[in-house]
Structures are given as structure tokens and as C-alpha cells.
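1. Build me a model from this:
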Amino acid sequence: MPTYTTSDIRNIALVGHAGSGKTLLAEALLHKAGVIGSMGTIEAGDTVSDFTDEEKHHQHSLASSVMHCDYSGKHINIVDTPGMPDFLGHAVSMFPAVETACVVINAANGIEPLTRRMMERAAERNLCRMIVVNKIDHANINLSQLLESIQKTFGKQCLPINLPANNGTTVVDCFFNPSGDSDFGSVEDAHTAIIDQVVEVDEELMEIYLEQGEVKPDQLHEPFEKALREGHLIPVCFAAGAPHGAASVGVDELLDVFAKLAPNPTEGNPRPFIKGKDKDHEIHADPDPAKHVLAHVFSIKIDPYVGKLCAFRIHQGTVTKESQLYIDDVNIGESKKPFKVGHLFKLQGAKHVEIKQAIPGDIAAVAKIEEIHFDAVLHDSHDEDNIHLLPLSFPEPLAGLAISPKKRGDEQKIADGLHKFQEEDPCFKVTRDSTTHETVIRGLGDLHLRIILEKLKTRYNVEVDTKPPKIAYRETILGKAEGHHRHKKQTGGAGQFGEVYLRIEPLNRGDGFEFKNDTFGGSIPQQFIPAIEKGIRMVLENGAIAGYPFQDVKVSVYDGKYHAVDSKEVAFIAAGKRAFLDAVQKAKPVILEPMVSIEVTVPNQHMGDITGDLSGKRGRIQGTDMLPGDQAMIKAIVPLSEVVNYQSQLKSVTGGQGSFSMEFDHYDPVPSNIQQQVMAEYKPQEEED
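-> As a prediction, the model looks like this:
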């Protein structure tokens, strides 16, 4: 039985750029709370959260890890997330499990690309946010300048709740006990700034404050939580998690902040659950242990020896070892049979500690339930059928490799391994290209895919050959047109007959496909309308001019003819397909290419080289920012085809001093010369068919 209640729980995700020190900070938190006797190190590969062989080898977090500790009467669940852009999906997938995103910044490196992205994504998901300036024990850092940069970048609501003191060897409290001197700034001024910011969300408290000139910290609890929920306050803490007996700085104070000021599951912004597929029908779980269970699966890990381990956050009700839970899927609905929990775990990195029950707000796990998948909702009553979490927004996996087995006979082992990796990683996709007959794996970058191939080799003992895949172009139209086709076939006995007239017009980019039946007077019987749509969808899937998926088009079938004997479904499939192809040729068909939003961080002296290079790649420069430490950030929109190998190109230009991140942005028409090339490559296949 837990010794804590829901109001005692704190759920914190440590997020931020690679190298900000999240893993060692988590290690320091566990050490200070008495969970581990001594801190591990990245070099020794003995930290609690980085426990896989790949993480030990690469000395980076490659997936998120859940840990917990008890401190000052509170139960704190800590999620350590990867900070490399290639593994952003693993970090974002943790957001439904926590109330607070704690953004960790390396004091020496300042605000890095993923720092910005995680602050933005946490705000989009309505999470409370905190900032930890970490590694304040490093030499030659300007913390005062960094705090100014944080406030300039993320807003004046970023206020220090403690400040470094004694040359970065301690921190001084600016909220509960504002006394003493700091290395920069006035502790009293910092205290006043926080109070001023907090009382702004409570008119009654504001009046007391204006009359008396002071309010006690215990009067500020509720308004403090409200300010966090509304993003009106983003507390900034200073710390240094140091391994092997070196003096950690600010870690006790950070635990105090988590315990006393971070929201518990009854205080944080409610998770956006929806009923059915109606995004407007939002419902909120009630963290009442006596109510029906409602839990969300936010992490899947599949180990060849342990099997499938599914971590979930309980939003309502109590899960016990005897619980019978249904699995709900937003696409296929609720599973017919419940599963029995049997074994229930708390996670401590690689360790699974068996527990008897888990309460609302807590994080728990079950193992070896094959039907559970990422983003599933678990519940114990049909009253909660078809309830799902509002889908997360994941970056589009754009980097790709076409793969084939090195050894014949390995096809099934490769397929099984890739399927398991897809279950674990929401940003890893495997597709079979019908036009090139290639198996293509896609991820968020070169490293992402290299790690996948490493895991294939080490876990499943299979290797693959790789080559660059074709760019994931799309097709669409720019104009309106009409199409017509009569399908007539007579081969003795009953024949085939179907005739279709239709109109097409472009939709806004990203709107997909819209089909409308505008026939009247029985020109085409209703039972054949789905067949026409099926024929059109065949073109949408396989393309009309170059073999790429077709999108953003509205099709209206307005007339046709049928034969009482010869008309059948297959005839109208063919007629719909050919009528659509006929219309496309008249409607200014174009090929679309994926455009990516890219952020490149380089030393100032390379800024001109990078902007010129990106412009030469048909890129549109969106802006440049000067960053601390003589660094510059260039933002641009560039065709994906031009930056497929950008990692090696950037390394060459900057001597290895540059970094970048990119995300899918939108599709744009390709230049006419490229369109002709792409279409020419498709013609031999078209003629062969």
C-alpha cells in the first residue's frame, strides 16, 4: 500500500538539450533523497536512468527513463528524457505523464535549440514549466548574463527562486527565506519580484499585499500554483549535479522546490481527454481513488528477455494486482476482453519494484501484456469506452534509409525487430514503397536511424544493407477540371459497364481528401458510389503523374450511367479511377516536396557561410539570432531533398562546431525542372505497368 496520497505526488520531466546534465542531475536528486548510496557517472555507464547497452556505449540518453524518490513527505516521480533532436519523440511522449516540465540549461552553453523547442512544446501541452540552470560550478560562465538571456528569450515571467552564492558553491533561497548575499543581483529584489508576479493572479491577495507590503509564503501557495498553471510564472533554479562525492550544488534546494512548490496531480492543468473522435468534446479525469480507472500508456519498452514493459500514468481510480482493465484504441475502439494486471510495478530505471496498488496521479507499469500499445487508454468500466487523450504533436520522421537484408532468410527477423522498435518509438516509421518496392525506415535524423540499426544487430543478430531512399514527394493539383470515363467490357456472357462524370478542385495544403456525391435522379445507383470513391482512392495512394501519394483534392461525382445487367462494383472502380486521372491531367497537376524548418547554431564567424549555403539550397532565411558565447542561430525553410546529408555538410563548413535541428514544416510545389525529372523517372515504371 502506498504511504502517500495523490496530493503528495509530484511528477517532473527533466527536459532540455543534450549535454545539459539531466541524467546526472537525476542521479544527484536520487542520491540526496537516499535512493542510491553513491552517484554513478556517464563514463562508467552506471547511472540509474541510462541503462541500455546503446546508452552506455554512446554516453547519451536515447530514450526516456522513469525513476522515483521520497523526500520531505512527498513522492516524486522523475522522468529523465533524451536531449538530442533525433530522440525528441521520446521526450515529448512523456508530457502526458507529468504536471511539470523542468527545462534544464547548461550554464556554459546557454540557450540551445532544443531548449527553445521543449519550452514551446511544454507550453503547447499546458504544462507548468520550471527552468534549472545546471552546471553552475563550471569555470568562465556568466550567470547574470544567462538569466538576462532567459528572460529575453522566454519572458520576464522567468524569475529566480534561488540564486548562486559563494562563487557558485551554494545557492541562496529567494522565496521562503530571502536572506544573505548572492553572486549577482539582490536576494531581496528577487523575492519581491516573485511576490509581485504571484499576487497578480489573485485580486484579494493583491489588496492585502498593497495594504500590508508583505504576504507570508503560506498565503501564496494557491496563487503560486495558479501562476504556474497559467504560465504567469516560470521559476528559475540554479544547481550543479556532480558525481562521485564532488559537491553537488542546489540539489537539496531543488528537491525542496519540487516538494513545496511543484503542483500535485490535483493542482496541475487537467489532461485533455476526449470522448470518441470529437476534439470539441473534452472531458477531465477526476483524481479520485474510488472512481473508475482511467490511465494512459505513455511509454513502451520491449526487451528480448523481459518482454514488453508498459508504463502508464493513472489519472483516475486505483489500479491493483487484481484489476481487470480494458485497452482502448482511438482507431479501433475498445478491446473486447479485459486483461488481468497480475503484476504491478514501480520503475526505478532498469529495476522493476513490485507493488500492490497504484493511486491517481502515480506512475506504474505492467509487463508482458502484448495487446497494450503506446497512447492506449486503460480503464475498468465500459462507462469509459472510447475515451482517449488528445493526440500529441510529434515531429515528422523525415530522415530515411532504404534497407535490405545482408543475408537471405533474415527478412522475418528484421520485420519483427522493426515492428518492436515502432512500438517503442512514436517517431520511427517503417514503410514499404509500392513504386520502388523498397523497405524504408524513417526517423528524426541520421543518429536515430544508426541506433535502430545497431539495436537490430545487437538484439536480433541481423544486419542490413542501406541506401538513400527516394524523397517522399506528394502530388496535387492547382486548378479545377472535369473528368469522364466510360468503362465497358464484353467478354461473353455478362459484361462490365460503368460511366462516371466528376469535378475536381484543390483543397488547402494539408486538408487531405474530400469526396462528395452530387448525383441526382438515379444516374448512378447509390450502391456504386463507394466503388467510385475506391477507384479514386487507388490513385490517391499510387499517384497520378509520378507515382507519389496524391493529396489536398476535392472530388465531386455529378453524373454517370449504369446498365441494369452489366453494371457492377468492379466497373465503377475502374470508371472512377480513370475519370479522376482524366481530370487530374487538366487541372495543373504538380509534384510537392517536403519543406523543413531548420535551426542551425554556429560560431558567429560562420554565420555568413551558413546563410549563403542555405540560400544556395533553395532555402528561405527566416531570421538570425545572436546567442551568448559568440554563437549565432540561423532559421530557414529548406527543401528536404537539399539537406538529406546536412550533418556531414555542416561539420565540413564549421569544423565540427555547428549543430542543427529540423522538423517537417509543409509541402511546396517543386520547380518545373525538378518536376520534369521526377516524372521522367516514373515513366518507365508507368509504361511497364
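
2. Please name the nearest non-neighbouring residue to residue 146.
-> residue 110 (5.7 Å; CB to CB, 6 or more residues apart in numbering). Placement of C-beta: from N, CA and C, glycine included.

3. Residue 560 now?
-> residue 524 (4.2 Å).

4. where in this structure is pLDDT low?
-> 1, 243-247, 277-280, 329-336, 434-436, 492, 628-629, 656, 683-689 (pLDDT under 70).

5. and if we set it to 50?
-> 244-245, 684-689 (pLDDT under 50).

6. The residue nearest to residue 146: which element?
-> Counting by DSSP states H and E, no helix or strand carries residue 110.

7. Tell me how many other residues crowd it.
-> 21 (other CB atoms under 10 Å).

8. Residue 560 now?
-> The burial count for residue 560: 25, using other CB under 10 Å.

9. For the residue nearest to residue 560, give me phi and psi.
-> phi -130, psi 120 (degrees, to the nearest 10).

10. and it, how many neighbours?
-> 27.

11. which ones are touching it?
-> Contacts here follow CB atoms under 8 Å, 6 or more residues apart in numbering; on that basis residue 524 touches 500, 532, 557, 559, 560, 561, 562, 572.

12. how about residue 449, secondary structure?
-> Counting by DSSP: H, G, I helix; E, B strand; the rest coil, the backbone at residue 449 sits in helix.

13. Return the distance of it relative to residue 652.
-> Plainly put, residue 449 is 20 Å away from residue 652 if you go by CB to CB, to the nearest Å.

14. Show me which of these two is the more surrounded one.
-> residue 449 (21 against 10).

15. Which members of the contacts of residue 524 occur in strands, if any?
-> 500, 557, 559, 560, 561 (DSSP state E).

16. tell me which residues form a beta bridge with the fourth one?
-> Looking back up the chat, that one is residue 560. Note on residue 560: beta-bridge partners residue 500, judged by DSSP bridges.

17. For it, give me its contacts.
-> 498, 499, 500, 501, 519, 523, 524, 532, 575.

18. In PyMOL, how would I select the buried members of the contacts of residue 524?
-> Here is the PyMOL command that selects the buried residues among these (16 or more other CB atoms under 10 Å):
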select buried, resi 500+532+557+559+560+562+572
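
19. And the residue nearest to residue 594 when sequence neighbours are not counted, how close does it get to residue 662?
-> The shortest distance from residue 594 to any non-neighbouring residue, by CB to CB, 6+ apart, is to residue 640 (4.3 Å). Distance, residue 640 to residue 662, by CB to CB: 8 Å.

20. Identify the contacts common to the two.
-> With CB under 8 Å, 6+ apart, residue 640 and residue 662 have common neighbours 398, 596.

21. For the stretch 101-250 of the chain, which segments count as strands?
-> For the stretch 101-250 of the chain, strands defined by DSSP state E, counting those that start in this stretch occupy the ranges 128-134, 158-160, 162-165, 170-173, 234-238.

22. Now those in CSV, please, with extra columns for mean neighbour count and distance to residue 601.
-> Formatted as CSV, the strands of the stretch 101-250 of the chain follow (neighbours: other CB atoms under 10 Å; distance: least, CB to CB, whole Å):
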stretch, mean neighbour count, distance to residue 601
strand 128-134, 26, 19
strand 158-160, 24, 21
strand 162-165, 25, 25
strand 170-173, 22, 28
strand 234-238, 26, 22
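
23. So which of those strands is nearest residue 317?
-> Using CB to CB as the criterion, the shortest distance between residue 317 and those is 23.6 Å, found for strand 128-134.

24. Okay, now the sheet partners of that closest one, with direction.
-> Sheet partners by DSSP bridges: for strand 128-134, these are strand 100-106 (parallel), strand 234-238 (parallel).

25. Of these, which is nearest residue 168?
-> Of the strands paired with strand 128-134, nearest to residue 168 by CB to CB is strand 234-238, at 8.0 Å.

26. Would you mark the buried spots in the helix or strand following the closest one?
-> The C-terminal neighbour of strand 234-238 among helices and strands, as given by DSSP H and E, is helix 251-261. Residues 251, 252, 253, 254, 255, 256, 257, 258, 259, 261 are the ones in helix 251-261 that count as buried (16+ other CB under 10 Å).

27. What count of nearby residues applies to residue 400?
-> Neighbours around residue 400, by other CB under 10 Å: 23.

28. Bridged to it, which residues?
-> residue 442.

29. Against residue 449, how distant is it?
-> In terms of CB to CB, residue 400 sits 8 Å off from residue 449.

30. Residues that sit against both of these two, list them.
-> 441, 442, 443.

31. Using TSV, lay out those residues together with neighbour count and distance to residue 155.
-> Below are those laid out as TSV (neighbours: other CB atoms under 10 Å; distance: CB to CB, whole Å):
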residue	neighbour count	distance to residue 155
441	26	39
442	19	35
443	25	33
